[in-house]
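*Asks:* Pasting the sequence and the predicted coordinates here, then a few questions.
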Amino acid sequence: MTDSEGREGSGSGRRDARGARRTPPRSDGRGERRQNVAGMRGAHTGEDRVLESIPFGVRLAGAWSWRLLLIGAVVAVLVYVVIQVRLIVVPVLIAVLLAALLVPFSNWLRRHRWPKWAAVTAAMLSALVAVGGLLTLGIWQIVRGSDELADQSVVAWDGFRDWLESGPLGLGQVQITDWAEQLFTSIRDDGNLLVSGALSVGTTLGHVLTGSLLALFATLFFVIDGAGIWRWLVSVFPRRARVAVDSAGRAGWNTLRNFVRVQILVATIDAVGIGVGAFALGLPLAVPIGILVFLGSFIPIVGAVATGALAVFVALVYNGLWSAVAMLAIVLLVQQLEGHVLQPLIMGTAVKVHPLGVVLAVATGSLIAGIPGALFAVPFVAVVNVMIADIAAGRWRGVSPPRAVRSPVWQTVPSRPRYLRTRRSE
């Protein structure tokens, strides 16, 4: 059989009886689509059955778990970044606290027709004079009485050791020495943990000077153009979120201002009470004790306890046991006044954080970040609490978005070079 016959034979099945070529029927795909849909419905039905077999509580816990894990991962990354740039973060946070005190004062001066440069200068100089004066006075008093304090400490320790040996306890010298070494080791380790937290700024002179200059520089710009900086931060967020962010930020800023002012009032009352008590007992370091109590009161609860213990120690070293008992009574009286009168009536309305929350915040902050963490823990918790409450309350709904006003600092930069504007006009 030839090739042509083979081709005709092979193609004969494709023709009908009249010899016309017959084309096979084409499928429109509807059957296949029906099969796919049926398969998908079966799969969805199987998935629904699997989901229905899982208790609702387990599904709800799983949904919350992966979301909380994602939020925790984001927070961990942010904390890691903050730790890496701690030499910048801590001075900026200090500048924010100072600005919360100085910005209202500068605005008050401007409302009384002071020029802006004069109001900013007066606010900055008043802060420098107040802080510098307190530190200079306290350091001068401590340096002048340090030798006498060291001698009195040695005499008091010798007397206490003799009482332990010849008193009712009847301890041996070896036991006293071992206990003293354990006590000093514990104090040293705890002190190192407090000072060398994750966010500690360092103890070298270069770090201190750099941090001080950065805090001073940031405070100056916060006082000059804090509103412009805040508008720029709000403009970074999406347009729909700007109203909520602006409302929450302003609520947090008001809380921070109230916290700083109230904390200064509480610290002043504590310093005056304990300082006057130390002076009445005839302690030679009454002024440094008052200054340390004032500075330590900015760390709620922990700072006041530590500085009060220092006052009791000084009274014990200089004037003996009964003077120390009297100093302890004065410290406890001041602490009771702060805890039952000042904190509920003044600090409670400004911070709106439960006392247990304050203790936990200070403990967590000091454990994570040392002294800076203990200093910033309470204002951070208070501001975050108010911001979340403001967003949840929804008071920002229906409010027009903040105006995109350019900062006065950037208005000094021309938007277009002069030669381009001249060429365009020609």
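*Replies:* Cool, got the structure.
*Asks:* residues near A389, how many?
*Replies:* 13 (other C-beta atoms under 10 Å). From N, CA and C alone the C-beta is placed, and that goes for glycine too.
*Asks:* Also T255?
*Replies:* T255 is flanked by 23 other residues according to other C-beta under 10 Å.
*Asks:* could you list every residue that touches it?
*Replies:* By C-beta atoms under 8 Å, 6 or more residues apart in numbering, the residues touching T255 are 350-352, 382-383, 386.
*Asks:* now do V276
*Replies:* Per C-beta under 8 Å, 6+ apart, neighbours of V276: 286, 290.
*Asks:* Check whether it sits in a helix, strand or coil.
*Replies:* Using DSSP: H, G, I helix; E, B strand; the rest coil, the structure places V276 in helix.
*Asks:* again with V399
*Replies:* What three-state DSSP gives for V399 is coil.
*Asks:* and the residue nearest to it when sequence neighbours are not counted, how many residues sit next to it?
*Replies:* Excluding the flanking residues, the one nearest V399 by C-beta to C-beta, 6 or more residues apart in numbering is V243, at 5.4 Å. Using other C-beta under 10 Å, V243 has 18 neighbouring residues.
*Asks:* tell me, how many neighbours does V359 end up with?
*Replies:* Look at V359: counted by other C-beta under 10 Å, it has 15 neighbours.
*Asks:* One more: A393?
*Replies:* Neighbours of A393 (other C-beta under 10 Å): 12.
*Asks:* what's the distance between it and V129?
*Replies:* Distance, A393 to V129, using C-beta to C-beta, to the nearest Å: 41 Å.
*Asks:* And for V351?
*Replies:* V351 is 28 Å from V129, by C-beta to C-beta.
*Asks:* These two - which one has more neighbours?
*Replies:* Neighbours per residue, other C-beta under 10 Å: of V351 and V129, the larger number sits with V351, 25 against 10.
*Asks:* Identify the residue nearest I330 in space, chain neighbours excluded?
*Replies:* Using C-beta to C-beta, 6+ apart and skipping residues adjacent in sequence, the residue nearest I330 is G277, 3.6 Å away.
*Asks:* Now for the one you found: which residues touch it?
*Replies:* 311, 326-327, 330-331, 334.
*Asks:* just those now: which is nearest N107?
*Replies:* V334 (33.3 Å; C-beta to C-beta).
*Asks:* For the closest one, the count of nearby residues, please.
*Replies:* For V334, the count of nearby residues is 23 (other C-beta under 10 Å).
*Asks:* host element of it?
*Replies:* helix 321-337 (DSSP states H and E).
*Asks:* D270 too?
*Replies:* If you go by DSSP H and E, D270 is part of helix 242-280.
*Asks:* tell me the angle of that helix relative to helix 321-337?
*Replies:* With axes from the mean of the first three to the mean of the last three C-alpha atoms, to 10 degrees applied, the angle from helix 242-280 to helix 321-337 works out at 150 degrees.
*Asks:* In helix 242-280, which residues are buried?
*Replies:* By neighbour count with 16 or more other C-beta atoms under 10 Å, helix 242-280 contains the buried residues 242-249, 251-253, 255-260, 262-263, 266-267, 269-271, 273-275, 277-278.
*Asks:* Now for N107: which residues touch it?
*Replies:* A119.
*Asks:* per-residue confidence for it?
*Replies:* At N107, the pLDDT value in this model is 91.
*Asks:* Distance check, it against P284.
*Replies:* From N107 across to P284, the span is 43 Å (C-beta to C-beta).
*Asks:* Repeat that for L310.
*Replies:* 14 Å.
*Asks:* likewise R261?
*Replies:* 33 Å.
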